[in-house]
Structure formats: C-alpha cells, structure tokens
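Novice: A structural model of the following input is requested.
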Amino acid sequence: MPFLRLTLHSQPSEEVSGALARELTVLMKDVLNKKVDLTSVSVESKSDIWTIGGLPQEVACYLEVYITAGTNDESQKERFIHEAMRVLKERLGPIHLASYVVISEIPATDWGYDGRTQASRR
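Specialist: This next block holds a predicted model:
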C-alpha cells in the first residue's frame, strides 16, 4: 500500500501529471513489487519560489515514497530511486541535481488502509 507524493515547482499539464503518476505506479510494481490497485500517487505543484543553493529554480521536484518497513531490500530501493529520477527527467526535462527521491519506511503497525494496519493484514 505505497503512497507517493510528487511535489513540483510548476504546474505540469494534465497529460504530464497523468503520465508521471502512471509511470511511477508501474515502477512501484516492477521494482518494489507493490500492488498497483493499492498504490496512491499525488502530483502537487508549488507556485511560490523554489530555491536550491539560495538560487531560484525553473524546474525542481521532490518525490516522497512511503512503504511498509522491511518489504524491500537495499538494491530494490536503489534501483527505484534511479528509475524514478529517469522518469522525472524524461517527463520534466532537465531538473536540478538536488531534486530528491526519498523512500520512507513506515512500521507495519503505524499505517494501513480501510481501517486496518499493515501488521494486521499479515
């Protein structure tokens, strides 16, 4: 039951937003073995200033990924971060190298869906 929040500096077209959501969902399935029907993706934009190194950026992004702790190994997470950045660059064009992909692992007892924790589903 992963959740992804992609924050972008500027508002992309609906076509680009949709493509990013679909491609990131596929990566979750193919790389991290997550269920497509339980993968949620939010694509958000910030219209205010985004700086890196104190300088305003034209194109920058931040991808937060939440997964259940212990469900993926280091090599899977490394591959996901690499592939997610590839997708972001393909869809958004050149982005600053300080655009991040962060995977947060949440204990199975601390989150869930449909009123049940991940731990209770095991």
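Novice: what about the chain, any weak spots by pLDDT?
Specialist: Within the chain, the stretches with pLDDT under 70 are 47.
Novice: please enumerate the helices of this structure.
Specialist: 14-32, 74-92, 118-121 (DSSP state H).
Novice: can I get the ones you listed in JSON lines with distance to W111 and mean neighbour count?
Specialist: For glycine as for every other residue, the C-beta is placed from the backbone atoms N, C-alpha and C. Formatted as JSON lines, the helices of the chain follow (distance: least, CB to CB, whole Å; neighbours: other CB atoms under 10 Å):
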{"stretch": "helix 14-32", "distance to W111": "16", "mean neighbour count": "17"}
{"stretch": "helix 74-92", "distance to W111": "18", "mean neighbour count": "16"}
{"stretch": "helix 118-121", "distance to W111": "6", "mean neighbour count": "14"}
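Novice: V43 is nearest to which of the ones you listed?
Specialist: Checking the helices of the chain against V43 by CB to CB gives helix 14-32 as the closest, at 4.5 Å.
Novice: between helix 74-92 and the closest one, find me the angle.
Specialist: 160 degrees (axes from the mean of the first three to the mean of the last three CA atoms, to 10 degrees).
Novice: dump the helices of the chain to a markdown table, plus distance to R5.
Specialist: Shown next, in a markdown table, are those (distance: least, CB to CB, whole Å):
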| stretch | distance to R5 |
| --- | --- |
| helix 14-32 | 10 |
| helix 74-92 | 12 |
| helix 118-121 | 18 |
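Novice: I'd like to know which of these is closest to S99.
Specialist: helix 74-92 (7.0 Å).
Novice: just checking, what packs against that closest one?
Specialist: Helix 74-92 sits against helix 14-32, strand 61-68, strand 100-106, with contacts defined as 3 or more CB pairs under 8 Å, 6 or more residues apart in numbering; DSSP states H and E.
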